[in-house]
Structure formats: C-alpha cells, structure tokens
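**Student:** Sequence and predicted structure, then a few things I'm wondering about:
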Amino acid sequence: MTDIKLCLFASTPDMDDLGFIVKVLTGTFDELAERCVDWGYTGIEFMPDPEHVADPVAVETALNKTGAILPVVNTGRMAPQGLALIHADEAVRRRSIQAFKNMCDFAGHFGARIGLGIARGTGIPGATVEEMDAIAADVFNELAEHAANVGCIIMLEAADPGVTSYINTMEQAMAWVDRIDNPAFSVMLDTYQLVDSEPSIEHGIRAVRGEAKHIHLYDPSRWPPGVLAEGERLDWAHIADVLRSENFSGTGSVVLAPEGDPEPAARKAAAYLTQLFA
C-alpha cells in the first residue's frame, strides 16, 4: 500500500483568464472545498494569486466546513504573471522573492508545503550555469530561511527542458537540497518530468532518497490519470509500483480534464488512483 492523499489543483476564478497550461478547479473557497471532497479527493493544491494572496483564515473557514485539507501551495501562477525568482533584472527578482514569501506566509498558516517549480523562471538567456547558480544560492537561502520562520517547507521541483533550462533532473534538485542544507528546503516529484528528463522513472524517484512527500500525477496528454481508454503516455501501474517500492508517503495532485464537464473525469481519476495505490 502507498499512502497518498489525493488533491485537485485549484485556484480562484481569475485563474481562468491566465491561459495556464493545464485546467484546474476554480471557484469560491466554499465551492473548492465542496467539490474536491464530493468528487473523491482529500483536499486541494491551491494556486494563489502571487501578488494578491488570499486570506488564509477565509480559506481555512471554507475547508473546515467539508473537512478538506490544503497540504500544498502551488506557485505556478508566478510565470504567467511575469514573475521569476532567477532573473537577470534584480527588480524582477526582488518583486518575485517578496511574492514567494507572501505565499510562504499563506502556506505556513496551514503547515503546508510550497512548490518551487516554474516560479524560478525559464533560465537567464546568455547566462552560464555558474552565474545562475550564484543567483539561485542567494535566492534559495533567503527563501528557505523565511520558510523555516513561518512554518512551511519549500519543495524544489525539477522540470523538463521544455519548461525551463535550469534544474531539469532530480539529481540536480537534490544537489540543491544538499547545498542549502535547511529542513525547510526539500524536493518534490512530477511524473511528466520523470518521463521526459530522467534516464528512467525508477532513476528519478530513487534520486530523491526518500525526501519527496508530494508528487504531481500528470500525464502529457493533460488528462487526469485513468480517464482516457487510449492516449495516455504514462504507465500508471508501473509508476505506482516504483513509488510503492520506495515507500512513498504523502500527497499527490491531479489536474482537471482539458475539455468538457470536468466532474466525471475527476471522479473517475480519483477512483482509479485510489484503487491503484491501495
């Protein structure tokens, strides 16, 4: 048995106007709390507006009505809103760092983990890896110290080269975890990255040395797992077996179907994943 609490990616209605790469559950806080539980999920991976972060008390009040949880904060909205932690312009960096800290404050209210993926940016054109490393060291250390102070844990997320040129493999991500050496700075997994950027799924999962407590259960088809009879690129049964062999325990998040009524697909994915990880 693999102990994974399933969550839906979720945000406020303004998210719909950003043209984000995947579809997520949007609505009022009450609607998010009601739908995620009704559709078979334990809670939400919440994506706040990085420049106007929601009131955590209001979110908590809504969640408490249904028993939904908020174990993970997703910072992916930073990219489409013009923010990047690793950026050539210091003014952009400082604005981005403050936005990330504000989301850490939000996450800390829930004792949640917070992802650091595309929030770092796509890489600095013309900069060497060493130059970006120097910027990243300052940024990551500052953010880790803040996260520790407010009670959340940052999860560095490796991403495939189609998303960013900086930190593409789990070994690279873990090298940063070792370098920052702060309990508030850890790592997470993403199934798309594991397939596109690692020698094998097994290699990527084992590279985190048991540190990861969260995984994005994401198929390149952009459909949630177990919904399409054909067309899924990922072998979900194999992924579940590897996670089980590595004693993975934590949370896993799922996107909505890219088209049509999202509810039937979300329910089907929840049932499929619950059985898969049983």
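**Tutor:** Arrived safely.
**Student:** drop to CA atoms for contacts and neighbour counts, all remaining ones
**Tutor:** Fine.
**Student:** So what's the gap between stretch 225-235 and the chain middle?
**Tutor:** Its chain's average C-alpha position is 21 Å from that of stretch 225-235, according to C-alpha atoms, centre = their mean, to the nearest Å.
**Student:** Please list the residues outside whichever strand or helix holds A99 that contact it.
**Tutor:** When secondary structure is defined by DSSP states H and E, A99 falls within helix 90-110. When contacts are taken as C-alpha atoms under 8 Å, 6 or more residues apart in numbering, the neighbours of helix 90-110 outside the stretch itself are 48, 50-51, 53-56, 70-73, 75, 78, 83-87, 113-114, 139, 143, 146-147, 150-152.
**Student:** Which positions within the helix or strand just after it qualify as buried?
**Tutor:** Stepping forward along the backbone from helix 90-110, the first helix or strand reached (DSSP H and E) is strand 113-116. In terms of neighbour count (16 or more other C-alpha atoms under 10 Å), strand 113-116 has its buried residues at 113-116.
**Student:** nearest to E232, of those residues?
**Tutor:** G115 (25.1 Å; C-alpha to C-alpha).
**Student:** what's across from that closest one in the sheet?
**Tutor:** Beta-bridge pairing for G115 (DSSP bridges): M155.
**Student:** my guess is A144 meets I154, correct?
**Tutor:** Yes - counting by C-alpha atoms under 8 Å, A144 does reach I154; the two are 6.9 Å apart.
**Student:** for the helix holding A99, what is the average pLDDT?
**Tutor:** What helix 90-110 shows for mean pLDDT is 99.
**Student:** And the strands in the stretch 1-150 of the chain, which stretches?
**Tutor:** Here the stretch 1-150 of the chain has its strands, by DSSP state E, counting those that start in this stretch, at 3-11, 25-26, 43-47, 69-73, 113-116.
**Student:** D181: which of the ones you listed is closest?
**Tutor:** strand 113-116 (16.1 Å).
**Student:** on that earlier part again, what's the overlap in contacts for A144 and I154?
**Tutor:** Residues touching both A144 and I154 (C-alpha under 8 Å, 6+ apart): 184-185.
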